[in-house]
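Trainee: Next input, structure requested:
(2 chains)
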Amino acid sequence: MGPFHLTADWGSWVSYLVPLAIGMGFGAALEMSGFGDSRKLAAQFYFKDVTVLKVMFTGIVVAGTLIGLSSAVGLLDFDQIFVNPTYLAPGIVGGLIMGVGFIIGGFCPGTSLVAASTLKIDGILFVLGVATGIFFFGETVASFDGFFHATAMGRFTLPELFGMDAGIVLMGVVAMALFMFRGGEMLEAHFGRGVPARQLRFLPRRPMAWVFGGTLFLIAGAAALIGQPDAERRWDLKAGTLMPRLADRAVLVHPMEVAELTQDTSLYVRVLDLRPERQFNLFHLRNATRVTPQRLRDPEYIKSLKGLPPNTVLFTVSNDDDLAAEGWRLLAAQGIDNAYVVEGGINRWLTLFPPPPCLATPRAGARSVEEPAFVFHRAVGDCCNSAYPEIRHKELPSDCYLSAHPGSAAHSGAGARAPDAPPVPFERKVKLKQRAAARGGCS
Amino acid sequence: MTAKPYINPYLGGTFLGVVLFLAFLLTGGGLGASGAVNRVQVAVLDGIAPAHVDRVPYFADLAGGDRNALDDPSIWMLAGTLLGGLISGLAFGRVRPEIRRGPNVSNATRLVAAFVGGAIMGYGARLARGCTSGQALSGGAVLSVGSWAFMLAVFAGGYLLAHSVRRLWN
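Mentor: Just a heads-up that it's a prediction; the model follows:
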């Protein structure tokens, strides 16, 4: 399943050849379409020749529908591809400035490269101008840093904006593009070739026009019909790579490591607790939020998790491993990379970091899977040392002290583990995964 | 050799779209041009005034200390774009030193306009975090809200000023 991130392995010959080949296709496509000629580009703004609109929007809808369909059928993981983050205000102002530069200079950066490569001297001058403009931007951006980062909306797509499936949005985009193509052709005929307005007809006569438009509609329609995969289908598509991580216990992290990471100030540790509300209220780990499996299927919630800082490590926890593993499965299927399971769940946690007997005692007799192994005599939430064991300090035996304010007096030295407890050996498993370098060429 | 005509724009656009799709499939990202020009610019600057590059955060990100601004996939894409344009230009007989300009302006005016327009474009492209290729084309295909707003703004900016500078092109 794509994308293949062939440039992520930077330094190998493939990682050089792939962008080189893509660039060659890009340059050739622009040159063949006439984008090396500034007059042809500028004519767009006088309705004499709307080649810019035709080529650009054809490129967008062809690529867009292919991405939409391959994502729907599971060939491409949309989560893993770069979507330009939205910074609305600087984007619009920058766009307006670029429009001005376009009509004065006659190129955009990409087309000027192609013009320069075919020795158009105006193209070469434009490229030098672009480099100069970029230089001035670098020199001045610090003075309006606030505006440069204003109205940040992160990864935000039209399907999310409209609350519709990507396939439906693509059908709308195709319809809009075809309408603009035909409108553009009529403007060309009128302003470019002087055909009187009343002789223009909207529906094209050429059969190829219908084949072209129909094919684009079909691809977008197929994407809409299949729909973008939900959490379950995404798991099915990725089970081949994700299942072994669970089977090898590579994502099951020892409570000791979890406790250590919680106190690592360079990380942002969040715990998603899948137990029932009552058990959560009786006791939960510091930094824990209660979630249900349904909530982990909600795209909005997943999006909010993805919006957390890149140094976030997520853990799922339940009383044992089973329910937490199910939570991990949902997170991993939906493209959350830094998710792990607290191995052994709350039951093992409380065995390692026992609460004082006045708060909780081990349950007598046999218990079934995912049943709590401790009985809490009062609801402590995360207001006891077991919820946030102070593992770095020489610890005193814990007493029945219950802090009213989490994070204050609770950690004055009183720890959940007895000072003479032997160290617990464990294997470190958490590796903070940064997103592969999937960035646009403009980054 | 006389230049051959340009190909059908819908065919050219389809070719462009397939290349863009392959870029996403193979690398996880789209196309781009201004980012690589930025890197070349910073690399040149780093050769002239390395201490200055280290002091300006926007430049230091790319070439601060012993970082090499040119060690990036986008540079290879830039080389490919030039090469692809050259190959196509050779194949269609369009490679020759010349200046393309409107009928009513001198060569000098055209060259000054190209440089000034390029500078404005370069500034705007960095402010918008991408040029027509990296923002409008690539972001448009993955349906980014910001990219579509940007695209409309580019056309709006061009059309707003087109009448005032019509002597450049007509």
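
Trainee: show me where the stretch 151-300 of chain A has helices.
Mentor: Here the stretch 151-300 of chain A has its helices, by DSSP state H, counting those that start in this stretch, at A:158-162, A:166-187, A:207-226, A:231-247, A:255-262, A:277-282, A:299-306.

Trainee: what helices or strands is the first one leaning on?
Mentor: In terms of contact count using 3 or more Cβ pairs under 8 Å, 6 or more residues apart in numbering or on different chains; DSSP states H and E, helix A:158-162 is assigned the packing partners helix A:166-187, helix B:145-162. For the C-beta atoms, the positions are set from N, CA and C on the backbone; glycine is no exception.

Trainee: Ok, which of the ones you listed comes nearest A:F144?
Mentor: helix B:145-162 (17.6 Å; Cβ to Cβ).

Trainee: What is the closest one packed up against?
Mentor: strand A:86-87, helix A:88-105, helix A:158-162, helix B:138-141.

Trainee: residues in contact with that helix?
Mentor: A:44-46, A:84-88, A:91-100, A:102-104, A:153, A:156-158, A:160-161, B:128, B:130, B:132, B:135-136, B:138-140 (Cβ atoms under 8 Å, 6 or more residues apart in numbering or on different chains).

Trainee: Tell me the buried residues in it?
Mentor: Using 16 or more other Cβ atoms under 10 Å in any protein chain shown as the test for burial, helix B:145-162 gives B:145-151, B:153-155, B:157-158, B:161-162.

Trainee: so can I have JSON lines of these showing pLDDT?
Mentor: As requested, the buried residues of helix B:145-162 are arranged in JSON lines below (pLDDT from 0 to 100):
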{"residue": "B:V145", "pLDDT": "96"}
{"residue": "B:G146", "pLDDT": "96"}
{"residue": "B:S147", "pLDDT": "96"}
{"residue": "B:W148", "pLDDT": "97"}
{"residue": "B:A149", "pLDDT": "97"}
{"residue": "B:F150", "pLDDT": "96"}
{"residue": "B:M151", "pLDDT": "96"}
{"residue": "B:A153", "pLDDT": "96"}
{"residue": "B:V154", "pLDDT": "95"}
{"residue": "B:F155", "pLDDT": "94"}
{"residue": "B:G157", "pLDDT": "95"}
{"residue": "B:G158", "pLDDT": "94"}
{"residue": "B:L161", "pLDDT": "94"}
{"residue": "B:A162", "pLDDT": "93"}
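
Trainee: between these, which is nearest B:A23?
Mentor: Of all the buried residues of helix B:145-162, B:A23 sits closest to B:S147, with 15.0 Å by Cβ to Cβ.

Trainee: residue ranges with poor pLDDT in chain B?
Mentor: In the predicted model of chain B, residues B:1-2 satisfy pLDDT under 70.

Trainee: Which strands or helices does the longest helix anywhere in chain B pack on?
Mentor: Secondary structure of chain B per DSSP state H: the longest helix is helix B:107-127. The criterion is 3+ Cβ pairs under 8 Å, 6+ apart, and the helices and strands that helix B:107-127 contacts are helix A:88-105, helix A:109-117, helix A:121-140, helix B:34-48, helix B:166-169.

Trainee: Just give me the residue closest to the centre of chain B.
Mentor: Nearest to the mean C-alpha position of chain B, counting by Cα atoms, centre = their mean, stands B:A33 at 4.3 Å.

Trainee: give me every residue that touches it.
Mentor: A:108-110, A:113, A:441-442, B:78, B:81, B:131, B:133-134.

Trainee: mind checking how far it is from B:T27?
Mentor: The gap separating B:A33 from B:T27 is 15 Å, by Cβ to Cβ, to the nearest Å.

Trainee: What of A:L350?
Mentor: For A:L350 relative to B:T27 (Cβ to Cβ), the value is 47 Å.

Trainee: More neighbours: those two, which one.
Mentor: Per other Cβ atoms under 10 Å in any protein chain shown, whichever of A:L350 and B:T27 has more neighbours is B:T27, with 30 against 22.

Trainee: any idea how far the residue nearest to A:T289 when sequence neighbours are not counted is from chain B?
Mentor: Ranked by Cβ to Cβ, 6 or more residues apart in numbering or on different chains and with sequence neighbours excluded, the top spatial neighbour of A:T289 is A:L272, at 5.9 Å. According to Cβ to the nearest Cβ, to the nearest Å, A:L272 and chain B sit 27 Å apart.

Trainee: swap in A:A339?
Mentor: 20 Å.

Trainee: List the residues that contact that residue.
Mentor: A:A339 touches A:251, A:314-316, A:328, A:331-332, counting by Cβ under 8 Å, 6+ apart.

Trainee: What is the burial count for the residue nearest to A:T289?
Mentor: 26.

Trainee: Which parts of chain B belong to which domain?
Mentor: Domains of chain B are assigned by automatic domain parsing as B:1-96, B:101-170.

Trainee: quick revisit: can you say which of the helices and strands packed on helix B:145-162 is packed in most?
Mentor: helix B:138-141 (a mean of 30; mean count of other Cβ atoms under 10 Å in any protein chain shown).

Trainee: Give the other helices and strands that that one contacts.
Mentor: helix A:51-72, helix B:9-27, helix B:145-162.

Trainee: please redo it, this time with the cut-off set to 10 Å
Mentor: Other helices and strands packing on helix B:138-141, by 3 or more Cβ pairs under 10 Å, 6 or more residues apart in numbering or on different chains; DSSP states H and E, are helix A:51-72, helix A:166-187, helix B:9-27, helix B:145-162.

Trainee: just so I know, which of the helices and strands packed on helix B:107-127 lies nearest B:V105?
Mentor: It is, among the helices and strands packed on helix B:107-127 and with distance given as Cβ to Cβ, helix B:166-169, at 5.8 Å.

Trainee: roughly how far out does that closest one sit from the chain middle?
Mentor: 22 Å (Cα atoms, centre = their mean, to the nearest Å).
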